[in-house]
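Undergrad: fold the following, please.
(one chain, ligands or ions: 1)
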Amino acid sequence: MKLLLIGDVHIRTNTPRSRTDNIVEVLRYKFKQLTEIVNDKSVEAVICTGDIFDIAKTNNESLLLAKELFDGLGVPVYTIIGNHDMIGNSIKNHEMSSLNILEMIAYDFNIINMGNNILKDEVQLIPRHYGDKSYSTSINGLVIDNVYKLLVSHTMVVDAPTMFESVSTKEVFDETDADFVLVGHNHKKFYQRWVNKDMKDCVVYNPGALLRLTIAEGDYNREVEVGLLDTCTNNLERLILNSNNSFKIDEIEEMTEVISRTLTSFMDVQMSNIRTVEDILLEIAHINNIPENIVNKALQKLKKH
Ligand SMILES: [Mn+2]
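TA: Take a look at the predicted model:
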């Protein structure tokens, strides 16, 4: 089966202050390209990493825009639930969420579940919504044999383990026997191919978010991509999307506003570099210009504990 893999979408109708273009036009242009890929490459379904909406209980305009965009793809869409789709970061509030309403009003838009996850008797989608860190391919202890297993997860996968919400590739390697692991949450791209314990060729892939939502350097310079997966060969083609926006950092007038809005993503980057208590101490010492001899004394004290 040919599947189109897309990252976090974050649909919204009000343009973030960190952009000077029109977010609705940008979304329509991105989805126009997705529709062209679906038609040109005979894609049979689109799989998304979640965070469909930027805000879990969004406005009607965003809800209708999401319906228009996903219906326009012309093929079934399957997604998991990201943290931005969860009211209060909890799946318990799902019924009240805009994502739940979208599933009801869109033509063929599906949150992956036990009832809809086997495609054409050959591909099994395994949902891991935000907060679920299991990479096992069983669902409630049940494993189906002789199908291609595509695990879709909203938990961040990174090279090295951090003390925050992320899973290392090593942990994923050890736990999963999926053929392909599609991940979201982190808006950066991530790709790794490996041979698992059963000598099976596997892939872990994060296409990165479908839009650039901040002007944090890594996000601003990122070329937006999507994945074209052929489940018969386990081959992934990585396609770069065109950008129609012309927003420049120096065009943005209210820099202080922008800084406050990008601070969260900046903090995420900073946090992902922190792994131990020593790292936290060094980071605080660095920010506050604390003299080296005091830092060393503090580090020695830490070692004693
Ligand atoms: Mn996201």
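Undergrad: when you work out contacts or count neighbours from here on, use the C-alpha atoms and nothing else.
TA: OK.
Undergrad: which parts of this structure are helices?
TA: 23-40, 60-72, 98-105, 169-175, 217-220, 255-272, 277-287, 292-304 (DSSP state H).
Undergrad: what's the closest of those helices to residue 3?
TA: helix 23-40 (8.7 Å; C-alpha to C-alpha).
Undergrad: just checking, what packs against the closest one?
TA: Where contact means 3 or more C-alpha pairs under 8 Å, 6 or more residues apart in numbering; DSSP states H and E, helix 23-40 is packed against helix 60-72.
Undergrad: let's go with 10 Å and repeat that
TA: When contacts are defined as 3 or more C-alpha pairs under 10 Å, 6 or more residues apart in numbering; DSSP states H and E, helix 23-40 packs onto strand 2-6, strand 45-48, helix 60-72, strand 225-230.
Undergrad: chain neighbours aside, what residue packs nearest to residue 121?
TA: Spatial nearest neighbour of residue 121, excluding adjacent residues (C-alpha to C-alpha, 6 or more residues apart in numbering): residue 147 at 7.4 Å.
Undergrad: what's around the one you found, how many residues?
TA: The tally of other residues near residue 147 (other C-alpha atoms under 10 Å) stands at 17.
Undergrad: center of the protein - which residue?
TA: residue 184 (2.0 Å; C-alpha atoms, centre = their mean).
Undergrad: how close does that one sit to residue 206?
TA: In this view, residue 184 and residue 206 are 6 Å apart by C-alpha to C-alpha, to the nearest Å.
Undergrad: in CSV: the helices and strands packed on helix 23-40, plus mean neighbour count and distance to residue 140.
TA: Compiled in CSV, the helices and strands packed on helix 23-40 are given as follows (neighbours: other C-alpha atoms under 10 Å; distance: least, C-alpha to C-alpha, whole Å):
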stretch, mean neighbour count, distance to residue 140
strand 2-6, 23, 25
strand 45-48, 24, 22
helix 60-72, 18, 30
strand 225-230, 20, 27
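Undergrad: where does the stretch 101-250 of the chain dip in pLDDT?
TA: Filtered on pLDDT under 70, the stretch 101-250 of the chain yields the residue ranges 161-165, 215, 217, 245-250.
Undergrad: do a quick rundown of the strands in the stretch 51-200 of the chain.
TA: 77-79, 109-111, 118-119, 123-128, 148-153, 156-158, 166-168, 180-183, 190-195 (DSSP state E, counting those that start in this stretch).
Undergrad: which positions in stretch 26-37 come out as buried?
TA: Under the neighbour-count criterion of 16 or more other C-alpha atoms under 10 Å, stretch 26-37 has 26-31, 34-35, 37 buried.
Undergrad: typo on my end, it should be stretch 276-286
TA: Buried residues in stretch 276-286 (16+ other C-alpha under 10 Å): 282-283.
Undergrad: so who does residue 185 touch?
TA: The contact partners of residue 185, by C-alpha atoms under 10 Å, 6 or more residues apart in numbering, come to 7-8, 49-51, 82-84, 130, 153-157, 166, 206, 208-209.
Undergrad: ok, and what's touching stretch 25-41?
TA: Contacts with stretch 25-41, where a contact means C-alpha under 10 Å, 6+ apart, come from 2-4, 6, 9-13, 15, 23-24, 42-46, 65-66, 68-70, 72-75, 210-211, 224, 226, 228, 239, 241-245.
Undergrad: from the chain's centroid, how far away is that stretch?
TA: Centroid separation between stretch 25-41 and its chain, computed with C-alpha atoms, centre = their mean, to the nearest Å, is 19 Å.
Undergrad: circling back to that earlier point, is it possible to get a markdown table of the helices of the chain that adds distance to residue 134?
TA: Putting the helices of the chain into a markdown table (distance: least, C-alpha to C-alpha, whole Å) gives the following:
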| stretch | distance to residue 134 |
| --- | --- |
| helix 23-40 | 30 |
| helix 60-72 | 28 |
| helix 98-105 | 23 |
| helix 169-175 | 8 |
| helix 217-220 | 28 |
| helix 255-272 | 20 |
| helix 277-287 | 26 |
| helix 292-304 | 33 |
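Undergrad: mean pLDDT lowest where, among those helices?
TA: Ranked by mean pLDDT, these end with helix 255-272 at the bottom, a mean of 61.
Undergrad: relative to residue 119, which of the helices of the chain is closest?
TA: Of the helices of the chain, the one closest to residue 119 (C-alpha to C-alpha) turns out to be helix 23-40, at 16.7 Å.
Undergrad: so the closest one versus helix 60-72, what angle?
TA: Here the directions of helix 23-40 and helix 60-72 differ by 10 degrees (axes from the mean of the first three to the mean of the last three C-alpha atoms, to 10 degrees).
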